[in-house]
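Enquirer: Give the three-dimensional model of this entry:
(one chain, ligands or ions: 1)
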Amino acid sequence: MSPQAELQENVGLTKLNTLCVSATARYYMDVASLNDLRSALAWARDNGHKILVLGSGSNLVFAGNFDGLVIRMQIAARSWEQVDDKGATLVLGAGENWHDAVLYAARAGYRGIENLALIPGTAGAAPVQNIGAYGVELCDTLISVTALDRESNELLCLENAECGFAYRDSLFKRWPGRYIITGIRLRLSRTKPLQLGYRDLEDYLGDTVSQQLDVLTVAEAVMAIRRRKLPDPEMIPNAGSFFKNPVVPAEHFRELHAAHPDVVGYPQNGTVKLAAAWLIDQSGWKGYRNARVGVHNRQALVLINHSGGTGRDVLELASEIRQSVQERFGVNLEMEPGIVGG
Ligand SMILES: Cc1cc2nc3c(=O)[nH]c(=O)nc-3n(C[C@H](O)[C@H](O)[C@H](O)COP(=O)(O)OP(=O)(O)OC[C@H]3O[C@@H](n4cnc5c(N)ncnc54)[C@H](O)[C@@H]3O)c2cc1C
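Expert: Coordinates of the predicted model:
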């Protein structure tokens, strides 16, 4: 076992989740290798404890303490494989910081994940909700995921098509706790066109001709846009977008449009994806705050822990928002972060 893989008891998790809500792990272990992971799982099994795999805690709400073993994923590894004139495969350990990996690839001139710059979290958590931003999703470049299957205790290599990727969804999210991701492989390109079609990005880059842009410039543009629009969790604790953009049947959208002509929707395969931020804003929540928690004043999708809020405070606010959007528009908002503990 690596030196840091020592079992600790009653470990505070407040600094290990970006909402900064207070919670304690009954048991806790940093895991920096496959051996550490196997030992942690064996200990939890032998002692009858449930487990939680924790990355950077940027997509979780602790509703209370976790009465089991928190396994903090720290497997570090970064390398290139199958390098040729057209591209290369980036191999990442699950504990690698995602944004650092994006910049590492962009600085080396490889394209494919630059639009996903500045998304907090670890590489191992990225497939769980198939992270996406500015018109790109992880599944666009992901070749395979290496994961320990807790049912068979085998280390599997799951190809992209086996991961069940969908909008902010995957096999790993639908089957929580079964697969523990230890690494991912991404196919990046030197030649593919940059993805500049997303409106914010188009507006930011203005008249710059796409042939004149390099991949690092696009990553930096994405970072600048995000810094302008989203609160930095280091300064203002939050968990990013709290709700998924809901998808409704075209007929429902027509009715909504008749009643609210400025409703924001993006048609896709006979359905329409609505902008959850617009629905929340129109329901009067943007900038709302009570003594502890609130809604960001520039991005209605982001719930904020202003001052000592608990996970329950955040979830209560989320529930009130969902209810008012349901009453006003007849649309169900689904939460993006997972709820743990309590
Ligand atoms: C300011 C901000 C902006 C954000 N912007 C975006 C965005 O633009 N797009 C987007 O898609 N998301 C966004 N997010 C959400 C979040 O960053 C991503 O979901 C990220 O991938 C979570 O990584 P994490 O390491 O923090 O995971 P955690 O929050 O620690 O864990 C999330 C889930 O994944 C599981 N998990 C973690 N690691 C593993 C593993 N190795 N194996 C199996 N399961 C695992 C956990 O058990 C948990 O269920 C944002 C969050 C914040 C705070």
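
Enquirer: can we go C-alpha only for contacts and neighbour counts from here?
Expert: Noted.

Enquirer: What residues does the stretch 1-150 of the chain have near the ligand?
Expert: Residues of the stretch 1-150 of the chain lying close to the ligand by C-alpha under 6 Å from any ligand atom are 18, 52-60, 73, 94, 119-122, 124-126, 128-129, 131-133.

Enquirer: Nearest the middle, which residue of the chain would you pick?
Expert: Centroid-nearest residue in the chain: residue 131, 5.0 Å away (criterion: C-alpha atoms, centre = their mean).

Enquirer: What about the nearest residue to residue 214 once chain neighbours are set aside, how many residues nearby?
Expert: Nearest residue to residue 214, sequence neighbours excluded (C-alpha to C-alpha, 6 or more residues apart in numbering): residue 109, at 7.7 Å. Neighbours of residue 109 under the rule other C-alpha atoms under 10 Å: 16.

Enquirer: which SS class is the residue lying farthest from the centre of the chain?
Expert: Note on the chain: the largest C-alpha distance from the chain mean falls to residue 258, namely 34.0 Å (C-alpha atoms, centre = their mean). Secondary structure for residue 258, judged by DSSP: H, G, I helix; E, B strand; the rest coil, is helix.

Enquirer: So which residues of the stretch 201-342 of the chain form strands?
Expert: 238-241, 247-249, 265-268, 271-274, 293-295, 302-305, 338-340 (DSSP state E, counting those that start in this stretch).

Enquirer: Please verify my assumption that the residue nearest to the centre of the chain contacts residue 166.
Expert: No. The criterion here is C-alpha atoms under 8 Å, and residue 131 misses it with residue 166 at 10.0 Å.

Enquirer: how is this structure carved up into domains?
Expert: Per the record, the chain has its domains at 8-73, 78-229, 238-340, by automatic domain parsing.

Enquirer: looking at these, which is buried most?
Expert: Across the domains of the chain, averaging neighbours per residue (mean count of other C-alpha atoms under 10 Å) puts domain 8-73 on top, at a mean of 20.

Enquirer: what's the span of it, first residue to last?
Expert: Taking C-alpha to C-alpha, to the nearest Å, domain 8-73 runs 15 Å from one end to the other.

Enquirer: what does stretch 300-312 give?
Expert: Using C-alpha to C-alpha, one end of stretch 300-312 lies 19 Å from the other.

Enquirer: List of residues touching that stretch?
Expert: Under the criterion C-alpha atoms under 8 Å, 6 or more residues apart in numbering, residues 19-22, 61-64, 230, 236-243, 276-278, 280-281, 285-287, 291-296, 314, 318 lie in contact with stretch 300-312.

Enquirer: returning to what we had before: quick one: contacts for the residue nearest to the centre of the chain?
Expert: Counting by C-alpha under 8 Å, 6+ apart, residue 131 has contacts 116, 137-138, 168.

Enquirer: how near is residue 260 to the ligand?
Expert: In this view, residue 260 and the ligand are 27 Å apart by C-alpha to the nearest ligand atom, to the nearest Å.

Enquirer: again with residue 311
Expert: In this view, residue 311 and the ligand are 14 Å apart by C-alpha to the nearest ligand atom.

Enquirer: Not counting residues beside it along the chain, what's closest to that residue?
Expert: Closest residue in space to residue 311, ignoring its immediate chain neighbours: residue 63 at 4.5 Å, by C-alpha to C-alpha, 6+ apart.

Enquirer: Next: residue 216.
Expert: Excluding the flanking residues, the one nearest residue 216 by C-alpha to C-alpha, 6+ apart is residue 106, at 5.0 Å.

Enquirer: Unless I misread the structure, that neighbour falls within a helix.
Expert: Yes. Counting by three-state DSSP, residue 106 is found in a helix.

Enquirer: Which pLDDT value belongs to it?
Expert: Looking at residue 106, its pLDDT is 98.

Enquirer: what's the answer for residue 2, then?
Expert: On the pLDDT scale, residue 2 gets 64.

Enquirer: Kindly report the same for residue 87.
Expert: At residue 87, the model reports a pLDDT of 97.

Enquirer: so what's it closest to, chain neighbours aside?
Expert: That would be residue 189: by C-alpha to C-alpha, 6+ apart, it lies 4.1 Å from residue 87.

Enquirer: ok, that neighbour - contacts?
Expert: Neighbour list for residue 189: 86-88, 110-112 [criterion: C-alpha under 8 Å, 6+ apart].
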